[in-house]
Structures are given as structure tokens and as C-alpha cells.
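[1] Provided below for reference: sequence and predicted model.
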Amino acid sequence: MLRGLAGLYHKTSHLAATNTNINLLYARQFKFNMSTSGPFTVVVHPFESETRHSCGYEIGNTKARNALVVIGGLTDGPHTVPVVRPLAKFIEQAQDLDYSIFEFRMRSSFTGFGQSNLSNDVADTSAFVKYLRGLGKEKIVLMGHSTGCQDCMEYTHYDKHGSEPVDGFILQGGISDRDTLELIMADPEPSLELAAKMIAEGKADHMMPNDMIPSVLGAPISAYRFQSLAAKGGDDDYFSADLEDEKVKTFWSRFQKPVLVLHSGDDEYVPEKVDQAASNKRYQAASSLVSPLSGLIPGASHTVDEPEAQEWFAKRVGEFLKTLN
């Protein structure tokens with residue numbers, strides 16, 4: 001899901017928002033808690049991947065046997081997901097958790113999302129997992145935030161990608177771009193029709209005109225990626241409320257390892273019509289590998305900026321990691 005930018009878009013355009021009271025919508029901008037905004041130390045891990053000069057960044061106990069790999073959403077990159085550093089501090093101080101946290105740069109990081117896709121993300125993630133296995137990491141868990149949850153869902157399509165096996169997944173803030181689109185576009189159909197036309201003409205990788213996409217995206221976006229995010233059945237369409245039960249079952253049956261699904265209880269990017277608690281229960285019903293620890297993070301915004309919500313989230317993640325022992 002796109003990370004929140006201020007709701008500034010052209011009022012005279014067909015892209016005008018339907019709800020002008022919502023602030024920081026769609027292309028989600030990171031923001032730091034004051035408690036985590038100071039300098040911090042990382043260990044830099046150069047590794048081989050399709051991303052030029054790719055590096056991973058490790059925080060926490062660098063002698064830990066296990067790795068928790070964070071995959072952010074659109075416009076994210078290393079060090080932009082607010083909950084990561086409080087989580088790393090919690091894990092490092094825990095007596096019975098032996099994990100450090102890794103972030104890494106992908107082809108889609110920061111403003112690269114508009115020219116990339118989930119398959120690239122899976123390839124980049126798999127390359128990093130392979131590197132971590134080479135370091136001797138015993139357990140590797142992928143933690144997706146926002147669109148990073150879509151990356152985790154796509155990662156489990158092992159028949160398609162042949163990605164390196166991991167030992168568990170955590171999905172935080174996995175919501176539908178298509179559902180959120182109605183909050184910022186009065187009528188997305190003209191843009192979707194243009195994207196489909198461009199793709200049919202062999203221009204899938206060409207950029208959409210600026211006046212046909214929400215200005216809040218903050219980056220150029222290809223016809224393919226716009227359709228992937230905004231159209232029903234697009235490659236990114238894993239979490240929409242109107243997905244058929246059979247499709248939901250297909251998606252969640254791909255998991256071969258446990259997965260913790262945590263929705264933000266007060267997610268500002270979720271339309272009122274969407275019942276996140278019901279979605280969470282739906283996923284639990286779709287696969288026995290969805291942890292019973294799954295649920296809603298009380299009082300949490302989409303990026304879990306609130307200290308109390310961050311503390312709750314860290315404890316719940318810790319409980320889940322213990323179940324993987």
C-alpha cells in the first residue's frame with residue numbers, strides 16, 4: 001500500500017479526492033517518533049543481487065543466530081519504517097529472543113516503486129535471504145509493512161519464483177491499494193482505461209501522464225504498476241475486501257511456514273466500509289498457518305507511530321517469534 005503523503009492534489013482534475021478530511025493519504029510518507037529520531041548504529045552488509053550496489057543494514061544484536069528481515073512499502077527504503085528501531089530495541093533486550101533486524105535496498109526502494117514490480121522485489125529479497133543463509137543464520141523471518149505485505153504474499157509463490165525458503169512471516173498493515181484509491185480519486189476509471197490501453201500497445205513500462213495519476217504518489221509510475229496497484233485482479237491485489245473466497249484461499253494456502261497477520265486498529269488508509277477484524281479472521285480461516293496471535297494492533301495508525309502501539313506490537317512479535325523455536 002502506498003505510504004501517506006499530504007492530500008494535495010489538483011481540485012480541478014478528475015483525480016480530486018472524495019474525502020478532503022483525510023490527511024497523509026495513499027503514498028505513505030514515513031515519520032519518526034521523537035524517541036527514535038537520533039543517531040543510531042548499523043552494520044552494513046554488501047551482497048550480490050540485481051540491485052546495483054545492494055546492501056543490507058543490521059541493527060540490534062549483531063551476534064544473533066536468527067534474522068528478522070523488514071520489507072517496507074511504497075516510498076520506503078532502509079530506515080524509513082518507524083516501528084523498526086523500537087522493535088529492534090525490544091528484541092535486543094529480551095532474554096529469550098535471539099534475532100537481529102535487517103533492512104535492505106531493493107530496486108523498488110524509495111521512488112523506484114513506479115518502475116518496478118513484485119517479482120523484482122521477490123528476487124531482491126531472495127538474494128538477501130541467500131546471503132543471510134551464507135552467514136549461517138538459523139532462522140530467517142520476513143516482516144512486511146504495507147506493500148511489503150504484498151511482497152511477502154508474492155514470495156510464497158515458490159512455484160513461480162523459486163525463492164529461497166524462510167522460516168516465518170509477519171504482515172503489518174497489509175491493506176488494499178484498490179480500496180484506498182477511492183479515498184483519493186473521485187473516478188479512477190479514466191486512468192485505468194489509459195493504463196490498459198498503454199499496456200495493450202506494448203507500453204507497459206512507459207510512465208503514466210502526470211495529470212492521470214494522483215499527485216500524492218510523489219514519483220513517476222508505469223502503466224503496468226498503476227494497473228497492478230489500482231485494478232481488480234492486478235498483481236498487487238492481495239488484500240481487497242471484495243476478493244472471492246476461492247482466491248483468498250489460493251493466496252493463503254501458499255504459505256508453508258507460520259505467518260502473523262497484524263492490522264493497524266486505527267489505520268487511516270482503510271475506508272469505513274472495510275472491516276479489518278473480519279479480514280483478519282478471514283485470513284485465519286483460509287490457512288491453519290496464520291497464527292492465532294494475529295489480530296488488530298490497538299490504537300495503531302498505519303505506520304504504528306504511537307509509542308503504546310509500538311510497545312504492543314513489539315511484544316506480540318516477540319510472542320510469535322518464540323513459537324518458531
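    Perfect, I can see it now. Residues are numbered from 1 along each chain as shown.
[2] chain center to stretch 264-272: distance?
    Centroid separation for stretch 264-272 versus its chain: 15 Å, with C-alpha atoms, centre = their mean, to the nearest Å.
[3] and stretch 59-69, by the same measure?
    Taking C-alpha atoms, centre = their mean, one finds stretch 59-69 lying 21 Å from the centre of the chain it belongs to.
[4] dump that stretch to CSV, keeping only the CA atoms.
    What follows is stretch 59-69, C-alpha atoms only, in CSV (Å, rounded to 0.1, in the frame of the first residue of the first chain):
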residue,chain,number,x,y,z
ILE,A,59,20.6,-3.3,13.9
GLY,A,60,20.3,-4.9,17.3
ASN,A,61,22.4,-7.9,18.5
THR,A,62,24.8,-8.5,15.6
LYS,A,63,25.8,-11.8,17.1
ALA,A,64,22.2,-13.2,17.0
ARG,A,65,21.7,-16.6,15.4
ASN,A,66,18.5,-15.5,13.6
ALA,A,67,17.4,-12.7,11.3
LEU,A,68,14.2,-10.7,11.0
VAL,A,69,14.1,-9.0,7.6
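[5] which other residues reach that stretch?
    Stretch 59-69 has contacts (C-beta atoms under 8 Å, 6 or more residues apart in numbering) with 40-43, 84-85, 88-89, 91-92, 98-104, 125, 128-129, 132, 136-143, 170, 321. No exception for glycine: its C-beta is placed from N, CA and C like everyone else's.
[6] tell me the confidence at residue 186?
    Residue 186 is assigned a predicted lDDT (pLDDT) of 85.
[7] which ones among the contacts of stretch 59-69 lie within helices?
    Among the contacts of stretch 59-69, the ones falling in helices (DSSP state H) are 84, 85, 88, 89, 91, 92, 125, 128, 129, 132, 321.
[8] turn the residues you listed into a markdown table, columns for pLDDT, neighbour count and distance to residue 275.
    Below are the ones in helices among the contacts of stretch 59-69 laid out as a markdown table (pLDDT from 0 to 100; neighbours: other C-beta atoms under 10 Å; distance: C-beta to C-beta, whole Å):
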| residue | pLDDT | neighbour count | distance to residue 275 |
| --- | --- | --- | --- |
| 84 | 97 | 24 | 28 |
| 85 | 96 | 21 | 31 |
| 88 | 97 | 24 | 32 |
| 89 | 96 | 18 | 33 |
| 91 | 98 | 23 | 31 |
| 92 | 97 | 16 | 36 |
| 125 | 98 | 26 | 30 |
| 128 | 98 | 28 | 35 |
| 129 | 99 | 21 | 34 |
| 132 | 99 | 22 | 37 |
| 321 | 99 | 23 | 28 |
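[9] and which of these is nearest to residue 181?
    residue 125 (25.7 Å; C-beta to C-beta).
[10] wait, isn't that closest one in contact with residue 155?
    Yes. Applying C-beta atoms under 8 Å, one finds residue 125 in contact with residue 155, separated by 6.2 Å.
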